[in-house]
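Asker: I would like to see how this sequence folds:
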Amino acid sequence: MPVVLEALRAFESSTDHVFTRKDVMLYALGLGLGADEADLPFVYEENLQVLPTFGGVLGYPGFWIKEHPELGIDWQRVLNGEQSLALHRPLPPEGHVVGRIRVVDVVDKGEGKDCLLYTVREVRDVGGELLCEVFNTIVLRGQGGFGGPSARREAAAPPVARPDRAADHVVDWAILAQAGLIYRLSGDYNPLHADPKVARQVGFDRPILHGAATWGIAGHLLLRALCGGDVTRVRFFGARFTSPVFSGETLLTQIWQAGPGRAAFRCSVPAREKVVLDAGEFIYAG
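Answerer: The predicted structure is shown next:
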């Protein structure tokens, strides 16, 4: 079944999400926090702080593509291409929010090529106040050629330029061997991240880590390096996913200061010489 363009363009969904301090702590543990005393504010209920990237799972509709076969998407061939987060105020450690996701653009790259699906999820509290917006570019691998538009209606703003010099901060992070199994408990139950049989069916020799988990780890490292762990200073965080990551690998994050309150970053897995997050951008209050 080919992608159904009009159904895709019209798609939107709302998700009620009641979350607790336990959810906030579980998210941080899924990223691998907790081995250092400096991580305690994010994994211990006393004076609990919320990682800004927790906004990525707030009001999350789950693996919605699999649940809507009428859209014509082969869910086994879906990858997260880009993800960014705009924060409008610090996230509370517990509460009730509503996430409204909608498709804002579709790009058909042609027969036998990919289709790019652009979505935005607005997360509001029950009083209607906007907490954050989550932007995703979803790659539908090999599903182009259905007659959709070949370009975005509105060009995206380019990310902050990476300075042509050595990074200002370089940080190693050992990803937990069980990271994918813990992180999925924050709402993304795609079996690609847990079931070896599903992973082999789509060309991987073992389950890959959620791109959003790698993204969350990078967000924590930038928060620590540039904001001293102060979550109230973060305004925007985003990156492009360029290669899969596996649980148990070591992630190398390079950070370049690109001006007051702006930084560029890139993440790689040195053991495989692979850049896994690129075109990273971080904006924060001074």
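Asker: please name the nearest non-neighbouring residue to the spatially most central residue of the chain.
Answerer: Computing the C-alpha centroid of the chain and ranking residues by CA atoms, centre = their mean puts Ala212 first, at 3.3 Å. Excluding the flanking residues, the one nearest Ala212 by CB to CB, 6 or more residues apart in numbering is Gly56, at 5.5 Å. C-beta: built from backbone N, CA, C; applies to glycine.
Asker: am I right that the one you found is in contact with Leu85?
Answerer: Yes - between Gly56 and Leu85 there is a contact at 6.0 Å, judged by CB atoms under 8 Å.
Asker: out of the two, which sits in the busier spot?
Answerer: Using other CB atoms under 10 Å, the more surrounded residue of Gly56 and Leu85 is Gly56, with 27 against 24.
Asker: who touches both of Gly56 and Leu85?
Answerer: Val134 (CB atoms under 8 Å, 6 or more residues apart in numbering).
Asker: picking that back up, list the contacts of the residue nearest to the centre of the chain.
Answerer: Gly56, Val57, Asn80, Gln83, Tyr183, Asp188.
Asker: any idea which element it lies in?
Answerer: Assigned by DSSP states H and E, Ala212 belongs to helix 211-227.
Asker: the helix or strand that that helix is followed by pairs with which strands, parallel or anti?
Answerer: Downstream of helix 211-227, the first helix or strand assigned by DSSP H and E is strand 234-241. Using DSSP bridges, the strands paired with strand 234-241 in its sheet are strand 78-87 (antiparallel), strand 274-284 (antiparallel).
Asker: distance of the spatially closest residue to Ile217 that is not a sequence neighbour from Val126?
Answerer: Sequence neighbours aside, Leu31 is the residue nearest to Ile217 in space, at 5.1 Å (criterion: CB to CB, 6+ apart). Relative to Val126, Leu31 is positioned 27 Å away (CB to CB, to the nearest Å).
Asker: between those two, which one's more packed in?
Answerer: Between Leu31 and Val126, counting by other CB under 10 Å, Leu31 is the more crowded of the two (30 against 11).
Asker: you'd agree the more buried one is up against His220?
Answerer: Yes - taking contacts as CB under 8 Å, Leu31 lies within contact range of His220: 6.0 Å.
Asker: any weak-confidence spans in the stretch 151-286 of the chain?
Answerer: Scanning the stretch 151-286 of the chain for pLDDT under 70 picks out the ranges 155-156.
Asker: can we see that at 90?
Answerer: Counting by pLDDT under 90, the ranges of the stretch 151-286 of the chain that qualify are 151-161, 187-190, 202, 286.
Asker: need the contact list for the residue nearest to Trp173 when sequence neighbours are not counted.
Answerer: Spatial nearest neighbour of Trp173, excluding adjacent residues (CB to CB, 6+ apart): Leu251 at 4.5 Å. Leu251 makes contact with Asp172, Trp173, Ala174, Ile175, Thr214, Ile217, Ala218, Val245, Cys267, Ser268, Val269, Val276, according to CB under 8 Å, 6+ apart.
Asker: tell me which helix or strand the residue nearest to the fifth one when sequence neighbours are not counted sits in.
Answerer: So the one you mean is Thr214. Leaving aside its chain neighbours, Thr214 sits nearest to Val245 (4.8 Å; criterion: CB to CB, 6+ apart). For Val245, there is no helix or strand it lies in under DSSP H and E.
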